[in-house]
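> Dropping the sequence and predicted coords here.
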Amino acid sequence: MDEIEILWTFTAKAQRDEVFQYWNERNENTNYSRKLNLAIRERLEILRSNPEVGKPTSFPYSRVLILRHYSIIYKINLPKIFITGFWDNRKDPAKLLRFLKKI
């Protein structure tokens, strides 16, 4: 099988970058964001080797992979995996539900 490619949607990138920006401003440095980014990369490597590792959702073709306080929402369309959302689980769950209905 060819190498599985992981692609981030514009929305997912924006959500991830918003989290990084929050922590950079709160901590007045980038240390936590760099550690979180490394953890994201490590989790995505696990996803690459086992695309169905995430929990299925009630939304068609969407799965979720938990990383600390964050959810990585993705869709599988091999040989590609699309990261469709990066969600802070401490946010209002109703907002997540509205977001998932859009994707």
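Right, received. Where do you want to start?

> any idea how far Glu48 lies from Asn89?
Quick fix: residue 48 is Arg, not Glu. Distance from Arg48 to Asn89, counting by CB to CB, to the nearest Å: 23 Å. For every residue, glycine as well, the C-beta is placed using N, CA and C.

> Please disregard the earlier target; I meant Gln21.
Distance of Gln21 to Asn89, given as CB to CB: 18 Å.

> what sits up against stretch 44-57?
Contact with stretch 44-57 is made by 3-4, 6, 62-66, 72-74, 76, 78, 81, 83, 100, as judged by CB atoms under 8 Å, 6 or more residues apart in numbering.

> Give me the residues contacting the helix or strand encompassing Phe20.
Assigning secondary structure by DSSP states H and E places Phe20 in helix 10-27. The contact list for helix 10-27 (CB under 8 Å, 6+ apart) reads 8, 30, 32-33, 36-37, 40, 70, 73, 83-88, 103.

> Can you show me the CA trace of that helix as CSV?
Extracted in CSV, the C-alpha atoms of helix 10-27 (Å, rounded to 0.1, in the frame of the first residue of the first chain):
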residue,chain,number,x,y,z
PHE,A,10,-8.1,25.2,6.4
THR,A,11,-10.6,25.1,9.3
ALA,A,12,-8.6,22.5,11.2
LYS,A,13,-5.4,24.4,10.8
ALA,A,14,-7.1,27.6,12.0
GLN,A,15,-8.4,25.9,15.0
ARG,A,16,-5.0,24.3,15.9
ASP,A,17,-3.3,27.7,15.3
GLU,A,18,-5.8,29.4,17.6
VAL,A,19,-5.0,27.0,20.4
PHE,A,20,-1.2,27.6,19.8
GLN,A,21,-1.8,31.4,19.9
TYR,A,22,-3.8,31.2,23.1
TRP,A,23,-1.0,29.2,24.9
ASN,A,24,1.7,31.4,23.5
GLU,A,25,0.0,34.6,24.8
ARG,A,26,-1.0,33.0,28.1
ASN,A,27,2.4,31.6,28.9
